[in-house]
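>>> got a predicted structure plus its sequence, pasted below:
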Amino acid sequence: MRLDFVSIGEVMVQFNPLASGPLRYVRYYEVHVAGTEANMLVGLTKLGYRTGIITRVGDDEFGKLIVNFLRGEGVDVSRVRIDPEAYTGIYFIQRHFPVPGSSTVYYYRRGSAASKLSPEDVDEEYVAHAGAVILTGITLALSESCRRAVEKMYGIAISQGKDVIFDTNIRMKLWRREDRAREAIARFLGAKLVFTNREDLGILFPGLSVIDAAKRIIDRGSELVVVKMGPEGAIAVDKEHRVYKSQAFSVPHVEDVVGAGDSFNAAFIASIYRGEPIENALLYANAAGALAVTVRGDVEAQPSWDDLRLFLESQGKALMLR
Ligand code: KDG
């Protein structure tokens, strides 16, 4: 089977409270399936692409939920390994406290099945047959064997002349030390398309402005760098150092901001791979990011092209596909 995009990473069960505020007062949770790589793949399937994930889940009910969910969304799960020795990772979200409009994640994932991913999970043929590979800093942070698995996938993609898309996605709760993140992520900054954000650039290139830091990534071999800035929109820098700026959309109600960046990435990637200009890709990506924050769960409000058209029209803009 030929897939357009494949990725590797941990998929977890997300417990998202029905009420906002401190978790000690929360009594009811809603169950979702999430994880940055899977989120991007689901977003891409909604926009018409064929995707697949390499991961491990435990031989437990949460693992079964994840596989059923991803399969239902159209993501290829033929490379999901069921690990009888380890459990499926989970996490909780605390919403709108102590900072209204923000969300905080609490992981229960150390030693999980996915943290045991290793180079042997990376099927060379599977990667070689894909159109492009999506990698993130989160998988690099999970364990030494995860890091080697991501490096293997990167090596296969490069040797086969495949595009690599990389999101720095620095989670300090996983890395604990900034120098570790900086060192592990450095070699991936030559990926063809790099997504990042202001905080990550501050860790990767301390003291540099956002635009200068993005230009440094271009100088390492990347062709396009996209800096996501949440409610402040996004900036892209291309290989001629041209800078593109775009504004975010505001929505009437922010339910949960977790996953917005993945929704943004999916729409941006989908647009670029169908040949849309960078300005339009940024517009559609901001729209997809805005939609994602309106619901609990990372992927539930990711748009199709028709959804994007309707959303943009409601904002006085148009979807102009080539
Ligand atoms: O981008 C959203 C993800 O951060 C969230 O779903 C959880 O994948 C996750 C992680 O590792 O933080």
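Arrived safely.
>>> for the stretch 101-250 of the chain, which residue gets nearest to the ligand?
Checking the stretch 101-250 of the chain residue by residue against the ligand with CB to the nearest ligand atom singles out Ile138 as nearest, at 4.4 Å. C-beta here means a position set from N, CA and C on the backbone, and glycine is covered the same way.
>>> what about that residue, neighbour count?
Summarising burial for Ile138: neighbours were counted as other CB atoms under 10 Å, giving 21.
>>> what residues does the stretch 151-300 of the chain have near the ligand?
Contact residues of the stretch 151-300 of the chain with respect to the ligand, defined by CB under 6 Å from any ligand atom, are listed as 171, 258-259, 261-262, 298.
>>> helices or strands next to the strand or helix carrying Cys146 in the packing?
Here Cys146 sits within helix 144-159, counting by DSSP states H and E. In terms of contacts (3 or more CB pairs under 8 Å, 6 or more residues apart in numbering; DSSP states H and E), helix 144-159 is packed against strand 5-8, helix 124-128, strand 132-136, helix 137-142, strand 163-167.
>>> let me know the angle separating it from strand 163-167.
Helix 144-159 and strand 163-167 are oriented at 140 degrees to each other (axes from the mean of the first three to the mean of the last three CA atoms, to 10 degrees).
>>> mind giving me TSV with the helices and strands packed on helix 144-159 and columns for mean pLDDT and distance to Leu308?
Putting those into TSV (pLDDT from 0 to 100; distance: least, CB to CB, whole Å) gives the following:
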stretch	mean pLDDT	distance to Leu308
strand 5-8	98	18
helix 124-128	96	29
strand 132-136	98	20
helix 137-142	98	26
strand 163-167	98	20
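>>> can you say which of those is packed in most?
Greatest average neighbour count among those goes to strand 5-8 (a mean of 27), per mean count of other CB atoms under 10 Å.
>>> follow-up on the earlier one: in CSV, list the C-alpha atoms belonging to the helix holding Cys146.
Listed in CSV are the C-alpha atoms of helix 144-159, where the atom choice follows Å, rounded to 0.1, in the frame of the first residue of the first chain:
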residue,chain,number,x,y,z
GLU,A,144,17.0,6.2,24.0
SER,A,145,15.4,3.5,21.9
CYS,A,146,12.7,5.8,20.6
ARG,A,147,15.4,8.3,19.7
ARG,A,148,17.3,5.6,17.7
ALA,A,149,14.0,4.6,16.0
VAL,A,150,13.4,8.2,14.9
GLU,A,151,17.0,8.5,13.7
LYS,A,152,16.6,5.3,11.7
MET,A,153,13.4,6.6,10.1
TYR,A,154,15.1,9.8,9.2
GLY,A,155,18.1,8.0,7.7
ILE,A,156,15.8,5.8,5.6
ALA,A,157,13.8,8.8,4.4
ILE,A,158,16.9,10.8,3.5
SER,A,159,18.6,7.9,1.7
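>>> buried stuff in that helix?
146-154, 156-157 (16 or more other CB atoms under 10 Å).
>>> do the same with stretch 191-203
Along stretch 191-203, the positions that meet the burial threshold by neighbour count (16+ other CB under 10 Å) are 191-197, 200-201, 203.
>>> tell me the one of these nearest Leu23?
Ranking the buried residues of stretch 191-203 by separation from Leu23, with CB to CB as the measure, puts Asn197 on top at 25.1 Å.
>>> tell me the bridge partners for the closest residue to that closest one other than its chain neighbours.
Counting by CB to CB, 6 or more residues apart in numbering, Asn197 lies nearest to Lys228, which is 4.8 Å off, once chain neighbours are set aside. Beta-bridge pairing of Lys228 under DSSP bridges involves Asn197, Ala234.
>>> next up, the contacts around Arg187.
When the contact criterion is CB atoms under 8 Å, 6 or more residues apart in numbering, the partners of Arg187 are 151, 154.
>>> helix, strand or coil for it?
Secondary structure of Arg187, reduced to three states by DSSP: H, G, I helix; E, B strand; the rest coil: helix.
>>> many thanks, have a good one.
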